[in-house]
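In: Have a look at this prediction, sequence included:
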Amino acid sequence: MKLFATSYLDEDVSVLVAVLLRVRGFDVVTARDENMLGKPDAEQLAHAASLGRCILTHNRGDFETLHAEYLANAKHHFGIIVANRRSPYEIARRAAILFDTLTADEFENQLLYI
């Protein structure tokens with residue numbers, strides 16, 4: 001059991017968010033780090049799940065659909081965080097609040113909004 005959630009940033013999220021979260025001590029990888037640039041959202045979520053990481057994205061529509069499909073098919077993911085488009089500093093601040101508040105278990109199979 002992991003206490004702290006780890007995250008995977010979809011390619012549409014600024015890499016600056018990853019830098020800002022890492023500086024705060026959070027374990028973050030990006031689509032670029034994982035050689036996943038240009039891959040479809042379904043592959044992004046599956047990859048994040050294979051790594052045991054929640055995914056942070058701006059793509060609300062696709063990930064709401066994917067979340068519903070995962071639940072309907074009894075598939076498991078480690079959390080989806082949908083961030084409204086705002087400054088990378090604000091996204092990192094809001095994500096850090098979630099990471100400081102919730103355990104890794106509390107992220108599992110959840111769709112969260114920041």
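Out: Perfect, thanks for sending it. Residues are numbered from 1 along each chain as shown.

In: does residue 110 really touch residue 79, like I thought?
Out: Yes: the pair residue 110 / residue 79 is scored as a contact, 5.2 Å apart, by CB atoms under 8 Å. Just so you know, the C-beta spots here come from the backbone N, C-alpha and C atoms, and that holds for glycine as well.

In: Between those two, tell me which one has more neighbours.
Out: A direct count of neighbours by other CB atoms under 10 Å for residue 110 and residue 79 places residue 79 higher, at 26 against 15.

In: which ones are touching that one?
Out: 5, 54-55, 107-112 (CB atoms under 8 Å, 6 or more residues apart in numbering).

In: And the residue nearest the centre of the chain?
Out: residue 55 (1.7 Å; CA atoms, centre = their mean).

In: what's the neighbour count on residue 58?
Out: Using other CB under 10 Å, residue 58 is surrounded by 15 other residues.

In: Can you tell me the closest non-neighbouring residue to it?
Out: residue 12 (4.9 Å; CB to CB, 6 or more residues apart in numbering).

In: Check which helix or strand the one you found maps to.
Out: Assessed by DSSP states H and E, residue 12 sits outside every helix and strand.

In: was I right about it contacting residue 59?
Out: Yes: taking CB under 8 Å as the definition, residue 12 is a contact partner of residue 59 at 6.1 Å.
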